[in-house]
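Chemist: quick one, what's the 3D model for this:
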Amino acid sequence: MEVNWQPTAEIETLKRRAQYLADVRLFFAERDIWEVETPILSSSAPTAPYLDSFTTDYSPIGSESTQTYYLQTSPEFAMKRLLAAESGSIYQIAKVFRNGEQGKLHSPEFTMLEWYRPELTLNQLLDEVNTLLQQVFNFKPISRLSYRGLFEFFFKINVFDCSDNAIKHHALERIKGLPSDLELDRDGWLELLMSHVVEPKLAAMNWPLFVYDFPASQAQLAKIRKDESGNDVADRFELYIQGVELANGYNELLDADELRQRFEYDNQQRQQQNKPEILLDENLLAAMTSGLPECSGVALGLDRLMMLAMNKQEINQVNSFSFE
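Modeler: As a prediction, the model looks like this:
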């Protein structure tokens, strides 16, 4: 049997990737943000129902027992422990792993750039992301629009006032092939509209965009605040270029008790979806109880970013070898 052992990316592409990595490190060095490394394996994992972690067994020498460990889906939890230990501004270029994700824009193993800035507000961090993309990757300045403004622009609805049925109606009307009896919660329908309608339109319009002030129900690990109309919103943003989601940034939640409640709610959702419960990361919760500084943080998919910067069609074209 003939085996195709060749790289999936061209050697010149990999050399350019190496230069991008060097330039990213220089960008952070110039801002006194230091690079950290944290463990890839952990005894706990994110509880979010939309994330499926890889597991592996650790077998101590001389013991018949095994312990389950998880490959990180993000270095976030360990980096926040460093922040609580007064690290100051830090970044990491990390290999991360998500089970089941594969395609032109997805791989079970990929590279994430994540950084945290105690000195910056979320808007200032958003400015820094914009500067990184212009200075290192040669993108043009990126527009900004609230989540509410985005849905008003594309669907002519106020996403905070309209009913669940109105959102469902827009999804069934605009997304072909959806069964009329499909049952989703409000956020499920909103996610479908984002992925199947908004993202393709952003790509067709070639509209690079920061979207901010998400519904509070989509806060994840971000703080919740009031917008100018008095709506509860998640103080976070997402970045889209050519309709591709590239980054997710938060004004980081600091309250350990609230985070525990969110983790427990996630596990309830996992049970309803017949997914295994995840052991809570008590190290993170203890660090937050000790005192996580006010900070903003962002995670950016580096393979996707390089793919767009080098005009490639899929992330395998910017990685040495594909998952297969």
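
Chemist: phi, psi for residue 81 please.
Modeler: phi -60, psi -40 (degrees, to the nearest 10).

Chemist: then residue 222?
Modeler: Here the main-chain torsion angles of residue 222 (degrees, to the nearest 10) amount to phi -100, psi 160.

Chemist: bridged to it, which residues?
Modeler: Beta-bridge pairing for residue 222 (DSSP bridges): residue 252.

Chemist: from residue 214, how far off is it?
Modeler: From residue 222 across to residue 214, the span is 8 Å (CB to CB, to the nearest Å). In this view, the C-beta of every residue, glycine as well, is placed from N, C-alpha and C.

Chemist: what's the answer for residue 130, then?
Modeler: Counting by CB to CB - residue 130 and residue 214 are separated by 19 Å.

Chemist: just to revisit the earlier point, hey, what's in contact with both of residue 222 and residue 214?
Modeler: Shared contacts of residue 222 and residue 214, defined by CB atoms under 8 Å, 6 or more residues apart in numbering, are found at 234, 236.

Chemist: which helix runs longest in this structure?
Modeler: Longest helix in the chain by number of residues (criterion: DSSP state H): helix 11-29.

Chemist: which stretch of helix or strand covers residue 169?
Modeler: Using DSSP states H and E, residue 169 maps to helix 164-174.

Chemist: give me the angle between whatever helix or strand comes next after that helix and helix 164-174.
Modeler: The helix or strand immediately downstream of helix 164-174 is helix 186-193, counting by DSSP H and E. Here helix 186-193 points in a direction 20 degrees away from that of helix 164-174 (axes from the mean of the first three to the mean of the last three CA atoms, to 10 degrees).

Chemist: which elements pack onto helix 186-193?
Modeler: In terms of contacts (3 or more CB pairs under 8 Å, 6 or more residues apart in numbering; DSSP states H and E), helix 186-193 is packed against helix 164-174.

Chemist: now with 10 Å, please.
Modeler: Applying 3 or more CB pairs under 10 Å, 6 or more residues apart in numbering; DSSP states H and E, we find helix 186-193 packed against helix 147-155, helix 164-174, strand 209-215.

Chemist: and the contacts of that helix?
Modeler: Residues outside helix 186-193 that contact it (CB atoms under 10 Å, 6 or more residues apart in numbering): 50, 147, 150-151, 154-155, 157, 159, 162-172, 174-175, 178, 182, 184-185, 198-199, 214-215, 217-218.

Chemist: how far out from the middle of the chain is it?
Modeler: Offset of helix 186-193 from its chain centre (CA atoms, centre = their mean, to the nearest Å): 17 Å.

Chemist: list of residues touching the very next helix or strand once past that helix?
Modeler: Past helix 186-193, further along toward the C-terminus, the next helix or strand under DSSP H and E is helix 199-205. Applying CB under 10 Å, 6+ apart, the external contacts of helix 199-205 come out as 150, 153-154, 193-194, 207-209, 211, 240-245.
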